[in-house]
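S.K.: Only the shape, not the letters, is given here:
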């Protein structure tokens, strides 16, 4: 049901106000999303009914791929505000952004996912799935996926098991999209 609601929200928000990509729900009342064209995306939050839309980032850089922390108090996202696509964490009201990773790669980074216990974040960078502690320590590359020029090998959409012990992700490592 949540996937249906999120899909409907993407369609409604996208039709109403331009390109929308990442959309996540919190407690079935608030929607977190990014909107704008590549290079100038912003992060917004709105009520599930579309009221009280607020731009949380409102700057001249690219802020994208937002995701709520498990308790809803923080948001992880990517931004090029420091020159590369770095992983940031900010308060849920958009204040106090902190660069967690520094530049990991020059390749497109995306799909940050909080561990259910709120201590780690999985994300995709340079075709690989990475994990980092929320304090910026312990950066680990979990995969060695390669790009053959057609995007094959790309890891995407990482998600945690409920006990924060395992991560599932999609990849084209053998030419077809599969779950690992």
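M.R.: Yes, it's here. Just so we're clear, the structure is a prediction, and the values are computed from it rather than from any experiment.
S.K.: first to last residue in stretch 65-76, what's the distance?
M.R.: One end of stretch 65-76 to the other measures 8 Å (Cα to Cα, to the nearest Å).
S.K.: wait, isn't residue 82 in contact with residue 97?
M.R.: No: Residue 82 lies out of contact with residue 97 (Cβ atoms under 8 Å); the separation is 10.0 Å. (Each C-beta comes from the backbone N, C-alpha and C, glycine too.)
S.K.: who has more neighbours, those two?
M.R.: Taking other Cβ atoms under 10 Å, residue 82 and residue 97 do not tie; residue 97 has more neighbours (19 against 14).
S.K.: what residues are up against that one?
M.R.: Applying Cβ atoms under 8 Å, 6 or more residues apart in numbering to residue 97 gives the contacts 79, 81, 88-90.
S.K.: separation between the closest residue in space to residue 82 that isn't next to it in sequence and residue 71?
M.R.: Among residues not flanking residue 82 along the chain, residue 99 sits closest, at 5.6 Å (Cβ to Cβ, 6 or more residues apart in numbering). To residue 71, residue 99 is 22 Å away according to Cβ to Cβ, to the nearest Å.
S.K.: Comparing these two, which residue is more hemmed in?
M.R.: Taking other Cβ under 10 Å, residue 99 and residue 71 do not tie; residue 99 has more neighbours (15 against 10).
S.K.: Let's see the pLDDT reported for the more buried one.
M.R.: Predicted confidence (pLDDT) for residue 99: 91.
S.K.: Then the one 10 residues further on?
M.R.: Residue 109 is assigned a predicted lDDT (pLDDT) of 71.
S.K.: ok, now which ones touch residue 57?
M.R.: 42-43, 63, 77, 79, 94.
S.K.: biggest separation within the residues you listed, which pair?
M.R.: Using Cβ to Cβ, those span at most 11.9 Å, a distance reached by 79 and 94.
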